[in-house]
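Any chance you could fold what I've pasted below:
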Amino acid sequence: MNKLRALKQHWSAMNDWLRAFLLAVVLLTFMHLFLLRFVSVQSTSMFATLFPGDLVLVQRWRTWTGMERNDIVVFRDPLKDDVPAARRPLLVKRIVGMPGDVVELRDGRTYVNGNLVADAPATTHSYLVRFRTGSNADSLLGSIGLPPTYLGQDRRAVEVPLNETLAEQLRKRDDVVSVERMGPATGAPRHIFPFSPYFQWNSDDYGPITVPRKGDTVRIDVSNLPLYDRLISVYEGHRLGVSGRELTIDDRPLTDYVFEQDHYFVLGDSRHHSADSRYWGFLPGDHLVGRASLVLLSKGPAGLRSGRWLIRP
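From the prediction side, this is the model:
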């Protein structure tokens, strides 16, 4: 009888432990899916707001309470449409254009709805850094949070993302010959969205471009179709056809299109070292994962850095 009572008590304790474990799993899964998640930054596209090695806290609930201009957002790679959404790589950029905004870049300066918008304090641009012969370039770049992959084969000069604060920090070093900001981009590279001779833009002179907003109607013709063809066919799931100057959608004539969801225009804070909306187009709202709010831990080439809040400009 005592053995039976002990067995029952043991089984009851096991059940309590199992219930507690399952409850913890459910709560963690709920938080991961709807409230919070952690993302590790791998690239330099947001340098020097975020550094490679930063562990970032992401507020997931912002996907249903709403994003704001200048939010730093985490989202699923919109170009990986051949991969299930849950398995796509996560990217991080800053929202510059909200749904309905008109975005333009002039000589690298950002305008939204015709108004000049100040860059985030840590925003970086391309600088050419020249090293002295025999200097330890890996250590030099690591001192400001950049990985040595920027060096390439020529270890005497390298183009890196800097702001004036970081540039001045390097100028004071004995192993640096010069640090000079590079001029704005010129011409119209083929890899700039929307990949059309009708839009002769580059990374520093771009737009104006209107960010699609749910419910808005846009006139579609052959000249502006490159702006919207991926949005219509991939992000919103319609079948497009082109025959000469005649356009069809789901086998019906296409002259106007009503956007079915909000889209965003995002840029990296490392303006000349970021693949963003200038290169692949609009970000669909259903690709958003959440808003980055806090760097919990940061580990870079020079060691650990302290955590910090991500403050909107």
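
Whichever strand in the chain runs longest: partners in the sheet, and parallel or antiparallel?
In the chain, taking DSSP state E as the definition, the longest strand is strand 288-300. If you go by DSSP bridges, strand 288-300 pairs up with strand 54-59 (antiparallel), strand 72-76 (antiparallel), strand 303-305 (antiparallel), strand 308-309 (antiparallel).

Could you export the first one as CSV, CA atoms only?
Coordinates of the C-alpha atoms in strand 54-59 are reproduced here as CSV (Å, rounded to 0.1, in the frame of the first residue of the first chain):
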residue,chain,number,x,y,z
ASP,A,54,24.3,42.9,-32.3
LEU,A,55,21.6,40.9,-30.6
VAL,A,56,18.4,42.9,-31.1
LEU,A,57,15.1,42.6,-29.3
VAL,A,58,12.2,42.8,-31.8
GLN,A,59,8.7,43.9,-30.9
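
Return the set of buried residues in it.
Residues 54, 56-59 are the ones in strand 54-59 that count as buried (16 or more other C-beta atoms under 10 Å). All C-beta atoms are positioned from the backbone trio N, CA, C, and that covers glycine.

What is the neighbour count of Phe193?
19 (other C-beta atoms under 10 Å).

So Val103 is in contact with Trp201, correct?
No. Using C-beta atoms under 8 Å, Val103 makes no contact with Trp201, being 11.4 Å away.

Identify the contacts common to those two.
Gly207 (C-beta atoms under 8 Å, 6 or more residues apart in numbering).

Spit out the contact partners of Tyr280.
Actually, residue 280 is Trp rather than Tyr. Here Trp280 is in contact with 78-79, 193 (criterion: C-beta under 8 Å, 6+ apart).

tell me the phi and psi of His238?
phi -110, psi 160 (degrees, to the nearest 10).

Can you check the pLDDT for it?
As predicted, His238 sits at a pLDDT of 97.

residues near it, how many?
17.

could I get the contacts of Trp280 as TSV with secondary structure, pLDDT and distance to Arg109?
Rendered in TSV, the data for the contacts of Trp280 read as follows (DSSP: H, G, I helix; E, B strand; the rest coil; pLDDT from 0 to 100; distance: C-beta to C-beta, whole Å):
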residue	secondary structure	pLDDT	distance to Arg109
Pro78	coil	96	26
Leu79	coil	95	27
Phe193	coil	96	19
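
just the residues you listed now: which is nearest Tyr206?
Phe193 (8.9 Å; C-beta to C-beta).

Look up how far Leu283 lies from the closest one.
12 Å (C-beta to C-beta, to the nearest Å).

Could you verify that Arg230 is part of a strand?
No. Checked against DSSP: H, G, I helix; E, B strand; the rest coil, Arg230 lies outside a strand; its state is helix.

residues contacting it?
Arg230 touches Gly281, counting by C-beta under 8 Å, 6+ apart.

mind showing which ranges of this protein have poor pLDDT?
Under the criterion pLDDT under 70, the flagged ranges of the chain are 1-35, 150-155, 188, 190, 300-304, 313.

Break it down into its domains, please.
41-209+264-313, 217-258 (automatic domain parsing).

Which of the strands paired with strand 288-300 sits closest to Arg156?
strand 303-305 (26.3 Å).

Let me see the ranges of the strands in the stretch 101-250 of the chain.
102-106, 109-112, 115-117, 125-131, 157-162, 176-181, 206-210, 217-219, 240-243, 246-249 (DSSP state E, counting those that start in this stretch).

Nothing else from me, thank you.
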